[in-house]
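Participant: Coordinates only, no sequence provided:
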């Protein structure tokens, strides 16, 4: 693929985003758990890592970069104590399949604990509890079209269950990554559209109620509540990254991104990573939401670090991210990656 075709791909995606940005419907999406980030490196850098997160780490941020992994097999596991005592567990594997491309597999689950059942007659609880079960399963594909252009796709199965009602759906992510933009080594561009798919709707036996209809003389009958469907939290993100190499041991990566959320306000993100000898990493990030009041924001900045060490020919990396939260307990995220 020549340079002209590469540019056409990017322009098409940007044009899609321009149309997409005209359809904002703030606060009307569901399945917002899909927006919870995973991977301590990306979170520590403010979520702006669309260009230079590779392998299994790239599955969530930009699947186009799965095929840019340095290892044949990448494994990632992470845990995060999210707001409101929600635990977020994530696991991913990326495999280099040669000329075919690269494949990825991921699972993301949420632990929310037991919730007390309440009714109109028993607003303080019935003595029973239920445990919400939310998770998503993903299959990914990525391929290098040239040494500078790669594309990637995620297909995610989404499942939500609340006691006797549940909803499920399919969401798609599509990303493209372009390295050495304008022939500048270390200057990268990435574009990704996330959570594209049909609406979801809750259904189940919990929607049946016993009631008396107005103007009816038949007494109480069973009726099923009709639920409204809801859209996925679709977004379009454009990211830039630049790697500055001081010498063989000291490097600095600067990343930034703009995200147009179809069901939330636009966000600007910036992050940085200092890399010493590809072994020690110090990171920071900041998110700016220009149209939001400061009292409406839960997170604004994040910090973190990483340590990588080669053990028996395999790269083992531990990453940590810290995000101070307004109104809630601060968030801590731990990740362990293994490259084979």
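Facilitator: Looks like it arrived, so ask away. As the structure is a prediction and not an experimental result, all values here were calculated from the model.
Participant: mind checking how far the residue lying closest to residue 113 once chain neighbours are set aside is from residue 328?
Facilitator: Closest residue in space to residue 113, ignoring its immediate chain neighbours: residue 85 at 6.5 Å, by C-beta to C-beta, 6 or more residues apart in numbering. Yep, even glycine has a C-beta here, placed from its N, CA and C like the rest. Per C-beta to C-beta, to the nearest Å, residue 85 is found 9 Å from residue 328.
Participant: who's more crowded, the two?
Facilitator: Neighbours per residue, other C-beta atoms under 10 Å: of residue 85 and residue 328, the larger number sits with residue 328, 14 against 11.
Participant: so how far is residue 86 from the more buried one?
Facilitator: Applying C-beta to C-beta, the value for residue 328 to residue 86 is 10 Å.
Participant: ok, the residue nearest to residue 113 - contacts?
Facilitator: Listed by C-beta atoms under 8 Å, 6 or more residues apart in numbering, the contact partners of residue 85 are 112-113, 329.
Participant: Pop out the phi and psi values for residue 313.
Facilitator: phi 90, psi 0 (degrees, to the nearest 10).
Participant: and what of residue 36?
Facilitator: phi -70, psi 120.
Participant: what's the pLDDT at it?
Facilitator: If you check residue 36, the pLDDT there is 93.
Participant: Make 16 the starting number, not 1.
Facilitator: Fine by me, first position is 16 from now on; the one you just mentioned is residue 51.
Participant: Next, count neighbours for the nearest residue to it once chain neighbours are set aside.
Facilitator: With sequence-adjacent residues excluded and distances taken as C-beta to C-beta, 6+ apart, residue 51 is closest to residue 103, at 5.6 Å. By the measure other C-beta under 10 Å, the count of residues near residue 103 is 20.
Participant: Surely residue 103 forms part of a strand?
Facilitator: Yes. The assignment for residue 103 by DSSP: H, G, I helix; E, B strand; the rest coil puts it in a strand.
Participant: Now for it: which residues touch it?
Facilitator: So residue 103 contacts 51, 53, 93-95, 97, 123-125 (C-beta under 8 Å, 6+ apart).
Participant: From these, which land in strands?
Facilitator: Among those, the members found in strands (DSSP state E) are 93-95, 97, 123-125.
Participant: Reformat these into JSON lines and put pLDDT, neighbour count and distance to residue 58 next to each item.
Facilitator: Converted to JSON lines, the ones in strands among the contacts of residue 103 look like this (pLDDT from 0 to 100; neighbours: other C-beta atoms under 10 Å; distance: C-beta to C-beta, whole Å):
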{"residue": "93", "pLDDT": "97", "neighbour count": "26", "distance to residue 58": "9"}
{"residue": "94", "pLDDT": "97", "neighbour count": "17", "distance to residue 58": "12"}
{"residue": "95", "pLDDT": "96", "neighbour count": "24", "distance to residue 58": "8"}
{"residue": "97", "pLDDT": "91", "neighbour count": "21", "distance to residue 58": "11"}
{"residue": "123", "pLDDT": "97", "neighbour count": "23", "distance to residue 58": "14"}
{"residue": "124", "pLDDT": "97", "neighbour count": "16", "distance to residue 58": "17"}
{"residue": "125", "pLDDT": "94", "neighbour count": "19", "distance to residue 58": "16"}
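Participant: could those be laid out in CSV, adding distance to residue 164?
Facilitator: Formatted as CSV, the ones in strands among the contacts of residue 103 follow (distance: C-beta to C-beta, whole Å):
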residue, distance to residue 164
93, 29
94, 34
95, 32
97, 35
123, 28
124, 34
125, 35
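Participant: Could you measure from residue 85 over to residue 69?
Facilitator: Look at residue 85 and residue 69: by C-beta to C-beta, they are 7 Å apart.
Participant: For these two, work out which one has more neighbours and name it.
Facilitator: Taking other C-beta under 10 Å, residue 85 and residue 69 do not tie; residue 69 has more neighbours (21 against 10).
Participant: Spell out, range by range, the helices that occur in this protein.
Facilitator: Taking DSSP state H, the helices of the chain run over residues 18-35, 55-59, 73-76.
Participant: Which secondary structure elements does the last one sit against?
Facilitator: To tie it back to what came earlier, the one meant is helix 73-76. Packing contacts for helix 73-76, counted by 3 or more C-beta pairs under 8 Å, 6 or more residues apart in numbering; DSSP states H and E, involve strand 101-111, strand 117-126, strand 148-159.
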